[in-house]
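**Student:** Pasting a predicted model and its sequence here:
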Amino acid sequence: MKKIITIAAVLTLMVGALTGCGADGLSTSKNAESGKAGSSKTVATDGSTSMEKVIGFLSEAYMEEHGDIKVTYNPTGSSSGIQAVAEGRCDIGLASRDLKEDEEANLQGTVVAIDGIGIIVNPDNPVSDLTIEQIGMIYSGKITNWKEVGGSEAPIVCIGREAASGTRDGFEEVTGTKDKCKYSQELTSTGDVVQTVSGNPNAIGYASVASANDTVKMVSVEGIKPTTKTIQDGEYKVQRNFVLVTKKDTALSKAAQEFFDFATSSQADSFITEAGAVPVKRAG
């Protein structure tokens, strides 16, 4: 009898162990599957930190309507995101710039939104228009007094974002001031820039157009005011494209293709606007 009980106990333990291993193995397999590019239930995006809000709003809206799909975002920077999609480590790359000629050999870039960057001054500042050249000279320290650009006799106080800011990257790229800016203050948010400029009559700053409010004045650039229309038409020059990057001649998974289609459709426009960017101009 003792022998029979012992054998039964051993068998019970073996079955339990096998069941546990099976459950753990299945769970691990599912977890691995859910996190990789091409998973039927996951859309993996990788790249531009500047696109965090845009991809966040689009992902959240999409996942609310498609509860079985998970859209992930890995903020590694534009170049890293482009490389990730080229190497098959994500479904969709995110770039806050257009693809370079050599990148276009194997990759396709689709503009999903436009980042319009407004140049803001204090409402009491009489200056209402600047050229891109003047803006570059102001931020590089070659123009230091408002009287040099038609304003009052007063020193110019340059306000900008911290080094890691995508808005700063875009501004410096357009104005040709990369690694040349002489900032009076480098702030960690757009809200801080707007608040600082609103409180200093001699300040100038930059911020996403959608983030500026009536506590500051947005100047025109080369005679063009930043509006949805002038940004979409390319008339307003202080802007850059937000791009979805995919591999040429390689089909996306069903989930990734459906998310891509949603993000590039008119359905996405309100979410892009809410994220502080400008939707692309659509035919018709």
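**Tutor:** On my side now, so go ahead. Numbering: from 1, shown residues only.

**Student:** Quick check: Asp233 touching Gln239?
**Tutor:** No - with contacts counted by C-beta atoms under 8 Å, Asp233 stays clear of Gln239, the gap being 10.6 Å. All C-beta atoms are positioned from the backbone trio N, CA, C, and that covers glycine.

**Student:** Looking at these two, which has the bigger crowd around it?
**Tutor:** Per other C-beta atoms under 10 Å, whichever of Asp233 and Gln239 has more neighbours is Gln239, with 22 against 11.

**Student:** Mind listing the residues bridging to the more buried one?
**Tutor:** Gly116 (DSSP bridges).

**Student:** now swap in Gly160 and tell me
**Tutor:** Glu186.

**Student:** What pLDDT is listed against it?
**Tutor:** Here, the pLDDT recorded for Gly160 equals 95.

**Student:** do the same with the one 5 residues further on
**Tutor:** In the prediction, the pLDDT value recorded for Ser165 is 79.

**Student:** The one 10 residues further on now?
**Tutor:** The confidence metric pLDDT takes the value 96 at Thr175.

**Student:** pretty sure it contacts Tyr139?
**Tutor:** Yes - here Thr175 reaches Tyr139: they are 6.5 Å apart, a contact under C-beta under 8 Å.

**Student:** Please enumerate the helices of the stretch 151-284 of the chain.
**Tutor:** 166-175, 190-198, 228-233, 254-263, 269-274 (DSSP state H, counting those that start in this stretch).

**Student:** which of those helices sits most buried?
**Tutor:** Sort the helices of the stretch 151-284 of the chain by mean neighbour count, taking mean count of other C-beta atoms under 10 Å, and helix 166-175 sits at the top with a mean of 22.

**Student:** could you give the mean pLDDT of stretch 203-212?
**Tutor:** What stretch 203-212 shows for mean pLDDT is 89.

**Student:** next one: stretch 72-79
**Tutor:** Stretch 72-79 comes out at a mean pLDDT of 91.

**Student:** and it, C-alpha only, in PDB?
**Tutor:** Extracted in PDB, the C-alpha atoms of stretch 72-79 (Å, rounded to 0.1, in the frame of the first residue of the first chain):
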ATOM      1  CA  THR A  72       4.100  50.300 -29.100                       C
ATOM      2  CA  TYR A  73       6.500  53.200 -29.300                       C
ATOM      3  CA  ASN A  74      10.300  53.200 -28.800                       C
ATOM      4  CA  PRO A  75      11.700  56.800 -28.700                       C
ATOM      5  CA  THR A  76      15.200  56.300 -30.100                       C
ATOM      6  CA  GLY A  77      15.500  59.200 -32.500                       C
ATOM      7  CA  SER A  78      14.800  59.600 -36.200                       C
ATOM      8  CA  SER A  79      18.000  58.000 -37.600                       C
END
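
**Student:** List the buried residues for that stretch?
**Tutor:** Buried residues in stretch 72-79, counted by 16 or more other C-beta atoms under 10 Å: Thr72, Tyr73, Pro75, Thr76, Gly77, Ser78.

**Student:** Now the fourth one. Nearest residue, chain neighbours left out?
**Tutor:** Okay, so that is Thr76. Asp46 (5.8 Å; C-beta to C-beta, 6 or more residues apart in numbering).

**Student:** contact partners of the helix or strand containing that neighbour?
**Tutor:** Remark: Asp46 resides in strand 42-47, with elements defined by DSSP states H and E. Residues outside strand 42-47 that contact it (C-beta atoms under 8 Å, 6 or more residues apart in numbering): 33-37, 55, 59, 69-78, 80-82, 84-85, 89-95, 245, 253, 255-256, 259.

**Student:** Repeat the analysis, applying 6 Å as the threshold.
**Tutor:** Applying C-beta atoms under 6 Å, 6 or more residues apart in numbering, the contact partners of strand 42-47 are 34, 37, 55, 70-74, 76, 78, 81, 84, 90-95, 255-256, 259.

**Student:** ditto for stretch 148-168
**Tutor:** 49-50, 96, 126-127, 134, 138-139, 144-147, 183-186, 188, 193, 196-197, 200, 202-203, 205.
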